[in-house]
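K.L.:
here is the input, now give the coordinates:
(one chain, ligands or ions: 1)
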Amino acid sequence: MDSAPKDMCGIVGYIGSKEATDVVVEGLRALEYRGYDSTGIACIEDSGNAKLLKQSGRVDNLISLIKESAPRSHVAIGHTRWATHGLPNSVNAHPHANNNQDIFVVHNGIIENYQELKEQLIKNGYIFKSQTDSEIIPNLIDYYVRQIGSFEKGLSAALNDLKGAFAIAVIAKNKPKTIYAAKVSSPLVIGVGKNKEYILASDPNAILEHTKEVVFLEDGDLAVIGPDKLKIYNFKKSNKKKPKLELLDYDQEKASLGQFPNFMLKEIFEAPKTIQSAILGRVRPDEKIIKLGGLEGVSTQLNYIDRIVIVACGTSYYAGLVGEYIIEDIAGIPVEVQLASEFKYRNEPFSRSTMLLAISQSGETADTIAALEKVKDFGCLRLGIINTTGSTIARLTDAGVYCHAGPERAVASTKAFIAQVTVLTLIALYLSKGNNKNYTKLLEELISLPQKAQDVIDLAPEIKKIALKYKNYRSFLFIGRGYGYPSALEGALKLKEISYIHAEGYAAGEMKHGPLALIDKDFPTFAIATNTNDLDKIMSNIEEIRARGGPVVAVATKGNKAIKRLVQDVIYIPKTLSHTQPLLLATIMQLFSYYIAEAKKVDIDHPRNLAKSVTVE
Ligand code: M6R
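P.N.:
Below is the predicted model:
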């Protein structure tokens, strides 16, 4: 089986008065940020002919193919595929067709019982060309349509045979004015445009340019999308549903590159604005209150919470670790942060007074969704800190606080971390109900933070100079204590993911328990040595590293002159509370990694082997 996690792929479909292949290709472009290795498109031409074009490589290559074949069509579906196993070649690329080449399918997800279905189809004379599980879908539809004699019923029967997670779009030569779409545990949304046009996509980013009016498909939905009508059935129960129209809360302007060479740099530079948007209307310094509209509906339930379990993955997990320190410190509620991929398989006691808090930029991360689903029947409160409005996690949770960071396009998460930590700080203050000696100080500090974040951004040229000195090292250690510790973990993740340099984050207090053995002149350390109660301890850690010849880059708070004598390079951040230091540290480490990656000429927005949204296990 092609075990590519195809759910990280992209689906786009269009039916309407415009040239369908143009709209689909533009939609695929909008999904490029997710990462992919092959693309394809199928359309039913106005003449009635079907065209299937697919290849390995970028959307630009697909555009050349389309230009050569100059289709005229008002119905088309397209796909970007992201493979881990199975070659990213034109045979494995989507759309896939039935043997008769008149039914075309694009598919995100994994068909778990594909082997079994394939064997049955082979017995019935079907032939397979690709290594994918997806190729069984058009053939299974073909099989049932022939048996039953109706396209919609045949498609429904095929969908009922599929086990696993999937989102699919289907077009057929005999149904030249319709796109069919269905989903189970994989997102699919239909944009309802002007002049009776519909744009189908697995990610709203492909729809934004056309319309903000959308219908999110739910599990078990089969949508029949015609040029001037939209019908939705539940293919398991065969009952009709009324499409529920919603408004996308996205700002298209924010999703464009502007003067920046790539999205990562643009998004790093948005740090001040990100903090500002996250606190806007929520921090009321005059009244000394935090107003979180998203939590109002559950405020009574929140009074009974005695433990919080945070679940998340990657950068969102590290934001959760910062949140653990802040919530415990400010609100005095015990917090445990778990990797969602571990949480879902653990068998731990979970009481109703424990709250599950899911953090996710995309709102589509499979492991985080699974964690929420695991506790569905436990009777506990499920909150979300999500950036993408209308996403699966946003819809699954009882309540939550949106990040309002705007679309994040680069695979490496930057501004989302800043927004998540800001929101976690707001939640800590909110839960504390003002009963903490640092409440007012922290609340006021948040107001001054966008300017401090700007001061850090202004250090970019200096950070670049320092980063370039370290670009040829093969390994890096990131260390910190207290709030500096989760910051160090996130710093290491950023460096490894975009510059491909091995990096490890460590609690500085652990150095003598193992990592010190690694230190020599070829193993540099990035030390977080900002002003906190632990500063003298981290200074001792740095001394120990220097004594063993290890080069050190340190981040310190303005005014710390002593550190200059100890380390090769220092980057100074403005004075801030220890709770808010991670918000400034993150930008420094993001820029440090960014400039190394830039010097190494890697594809910064699309690091190899990674996708923006990890929507399968
Ligand atoms: O969309 P999410 O926040 O749920 O994504 C979680 C991780 O996949 C994500 O943070 C990933 O680690 C990033 N590539 C980190 O930069």
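K.L.:
got the residues of the protein near the ligand?
P.N.:
313-316, 360-362, 365, 368, 411-413, 497, 610, 613-614 (Cβ under 6 Å from any ligand atom). All C-beta atoms are positioned from the backbone trio N, CA, C, and that covers glycine.
K.L.:
low-scoring stretches of the stretch 151-300 of the chain, by residue?
P.N.:
249-255 (pLDDT under 70).
K.L.:
in it, which residue sits closest to the ligand?
P.N.:
For the stretch 151-300 of the chain, the residue closest to the ligand is residue 264, as judged by Cβ to the nearest ligand atom, at 9.5 Å.
K.L.:
that residue against residue 415, yeah?
P.N.:
No: judged on Cβ atoms under 8 Å, residue 264 makes no contact with residue 415 at a distance of 9.8 Å.
K.L.:
list the strands paired with the helix or strand of the chain with the lowest mean pLDDT, with their directions.
P.N.:
Lowest mean confidence among the helices and strands of the chain (mean pLDDT, DSSP states H and E): strand 240-241, at a mean of 86. The strands beside strand 240-241 in its sheet (DSSP bridges) come out as strand 230-234 (antiparallel).
K.L.:
how far is the partner strand from where the chain is centred?
P.N.:
Averaged C-alpha coordinates place strand 230-234 at 28 Å from its chain's average position (Cα atoms, centre = their mean, to the nearest Å).
K.L.:
how close does the nearest residue to residue 135 once chain neighbours are set aside sit to residue 53?
P.N.:
Closest residue to residue 135 apart from its sequence neighbours, by Cβ to Cβ, 6 or more residues apart in numbering: residue 96 at 4.4 Å. Residue 96 sits 13 Å away from residue 53, going by Cβ to Cβ, to the nearest Å.
K.L.:
tell me which of these two has more neighbours.
P.N.:
residue 96 (28 against 21; other Cβ atoms under 10 Å).
K.L.:
my guess is that one contacts residue 107. True?
P.N.:
Yes: the pair residue 96 and residue 107 passes the contact test of Cβ under 8 Å, sitting 7.3 Å apart.
K.L.:
so what sits against both of these two?
P.N.:
134, 137 (Cβ atoms under 8 Å, 6 or more residues apart in numbering).
K.L.:
helix, strand, or coil at the residue of the stretch 451-600 of the chain found nearest the ligand?
P.N.:
Here the stretch 451-600 of the chain gets closest to the ligand at one residue, residue 497, 5.6 Å apart by Cβ to the nearest ligand atom. When classified by DSSP: H, G, I helix; E, B strand; the rest coil, residue 497 comes out as helix.
K.L.:
contacts only, for it.
P.N.:
Shown in contact with residue 497 (Cβ under 8 Å, 6+ apart): 411-412, 593, 607, 610.
K.L.:
now with 6 Å?
P.N.:
For residue 497, the contact set (Cβ atoms under 6 Å, 6 or more residues apart in numbering) comprises 412, 607.
K.L.:
got a list of what the nearest residue to residue 432 once chain neighbours are set aside touches?
P.N.:
Setting aside the residues directly before and after it, residue 432 is nearest to residue 331 in space (Cβ to Cβ, 6+ apart), at 4.3 Å. Residues in contact with residue 331 (Cβ under 6 Å, 6+ apart) are 428, 431-432.
K.L.:
among those residues, which one has the most neighbours?
P.N.:
Ranked by neighbour count (other Cβ under 10 Å), the contacts of residue 331 have residue 428 at the top, with 26 neighbours.
K.L.:
that one reaches residue 332, doesn't it?
P.N.:
No: the criterion here is Cβ atoms under 6 Å, and residue 428 misses it with residue 332 at 9.6 Å.
K.L.:
would you agree residue 158 is in contact with residue 141?
P.N.:
Yes: counting by Cβ under 6 Å, residue 158 does reach residue 141; the two are 4.5 Å apart.
K.L.:
please tell me how far the residue nearest to residue 135 sits from residue 152.
P.N.:
From residue 96 over to residue 152 the distance is 20 Å, taken as Cβ to Cβ.
K.L.:
just residue 407 next, same as before
P.N.:
Separation of residue 407 from residue 152 (Cβ to Cβ): 35 Å.
K.L.:
so for those two, which sits in the more crowded spot?
P.N.:
Between residue 407 and residue 152, counted using other Cβ under 10 Å, residue 407 has the larger neighbour count: 24 against 17.
K.L.:
give me the pLDDT for that one.
P.N.:
On the pLDDT scale, residue 407 is placed at 87.
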